[in-house]
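K.L.:
The sequence and its predicted three-dimensional model are supplied below.
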Amino acid sequence: MIQVEIFRDSKGDICRFSIVGHAGYDEYGKDIVCSAVSAISQTAILGLEALKTVKIKKKIKSGDLWVEIIEKGFLEDNIRLKAILDTMVLGLKDIEKDYGKYLKVVDRRCEG
């Protein structure tokens, strides 16, 4: 199962997220759940990295992805940052609706 954790700050903005595990829906290379989660999350990361005033830390390896927002950027980039991340969450939660046995999305507040 893939476990997605979305962490939000006191304003409700996403401050970090992690995606861990493998879906196990099908064999490696044919697993549509893993492919969909990877496509959505990695496209979101590409979008974040394209924002000039946003800074992130990331770790990506097979079955383990972690991203932390270091700088939210100036006004326009911050608006885009929120749109990218919120859209990513919408996509992941939509996959969870149909494939909940293989994907769990948990949305929570950051500590501190």
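P.N.:
Everything's here; your move. Residues are numbered from 1 along each chain as shown.
K.L.:
Endpoints of stretch 62-77, how far apart?
P.N.:
Counting by CA to CA, to the nearest Å, you get 29 Å between the two ends of stretch 62-77.
K.L.:
what mean pLDDT does that stretch have?
P.N.:
Stretch 62-77 shows a mean pLDDT of 95.
K.L.:
List the buried residues for that stretch?
P.N.:
Across stretch 62-77, burial judged by 16 or more other CB atoms under 10 Å covers Leu65, Val67, Ile69, Lys72, Gly73, Asp77. Every C-beta, even on glycine, is put in place using the N, C-alpha and C of the backbone.
K.L.:
what's the answer for stretch 7-18, then?
P.N.:
Going by neighbour count (16+ other CB under 10 Å), the buried part of stretch 7-18 is Phe7, Arg8, Ile14, Cys15, Arg16, Phe17, Ser18.
K.L.:
Ends of it, what's the gap?
P.N.:
Stretch 7-18 has its terminal residues 9 Å apart, counting by CA to CA.
K.L.:
all strands of the protein, in order?
P.N.:
Per DSSP state E, the chain carries strands over the ranges 2-8, 14-20, 55-61, 64-71, 103-109.
K.L.:
Most distant residue from the centre of this protein?
P.N.:
The C-alpha centroid of the chain is most remote from Glu27, which lies 22.9 Å away (CA atoms, centre = their mean).
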